[in-house]
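Undergrad: sequence first, then the predicted structure:
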Amino acid sequence: MVNTTPHPAADDFAEAYGRAWTDDPNLLCTYFAEGGTYADVAMGGTYVGREEIRRFHRWMLRFSPDSLIVFSHPAVQDDRAYYEWTWSGSINGPLLLPSGGRVDAAGRHFSVTGIATCRFDQEGKLTSHHDYWDVGLLVEQLGQSLVAKPRP
């Protein structure tokens, strides 16, 4: 298979990868190795393989159809890459929290930042991508607050 995506160490990777995350689930999957994983640490989801990543991304685009994802400040060493990112857009329905709670968020705008930690193989395909961000800041932007559940 010919690699048609930029290598994570290439100058144009961050911009191209952000475009794929912004609106193209099929293109996004070409950045991942066949068994690659994507983990949204804040929301507690891990997706294994291109089909699960594609399904997650389609859900994300239904949640926020006007998503804009920008990766910046790359740091690449050996088989690891780190990127700062900003995800912004408007929300199309309720926000389902990892705790099981829901925030009525339809029509609200947001902009959150995070860090992506990635590993890649010899061909430059991602074997893992983990996103770290603060869901509490998103909830605050929506005019809500997270209420901790009492421990039993």
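TA: Sure, I can see it. Residues are numbered from 1 along each chain as shown.

Undergrad: for the nearest residue to residue 90 once chain neighbours are set aside, give me phi and psi.
TA: Nearest residue to residue 90, sequence neighbours excluded (Cβ to Cβ, 6 or more residues apart in numbering): residue 109, at 4.9 Å. All C-beta spots, glycine's among them, are computed from the backbone N, C-alpha and C. Backbone torsions of residue 109, given as degrees, to the nearest 10, read phi -100, psi 150.

Undergrad: oh, and call the first residue 171 from now on, that's how I've got it
TA: Taking 171 as the first residue, the last one we looked at is residue 279.

Undergrad: tell me the helix or strand right after the longest helix anywhere in the chain.
TA: The residue-count maximum for a helix in the chain (DSSP state H) belongs to helix 219-233. Later in the chain than helix 219-233, the nearest helix or strand by DSSP states H and E is strand 238-247.

Undergrad: buried ones in that following strand?
TA: 239, 240, 241, 244, 246 (16 or more other Cβ atoms under 10 Å).

Undergrad: what do you get for stretch 189-200?
TA: Buried residues in stretch 189-200 (16+ other Cβ under 10 Å): 189, 190, 191, 192, 195, 197, 198, 199.

Undergrad: over to stretch 282-292?
TA: Neighbour-count burial for stretch 282-292 [16+ other Cβ under 10 Å]: 282, 284, 286, 287, 288, 289, 290.

Undergrad: now the fourth one, nearest residue through space, not along the chain?
TA: Computed as Cβ to Cβ, 6+ apart, the closest residue to residue 287 that is not its neighbour in sequence is residue 300, at 4.9 Å.

Undergrad: distance of the one you found from residue 175?
TA: 19 Å (Cβ to Cβ, to the nearest Å).
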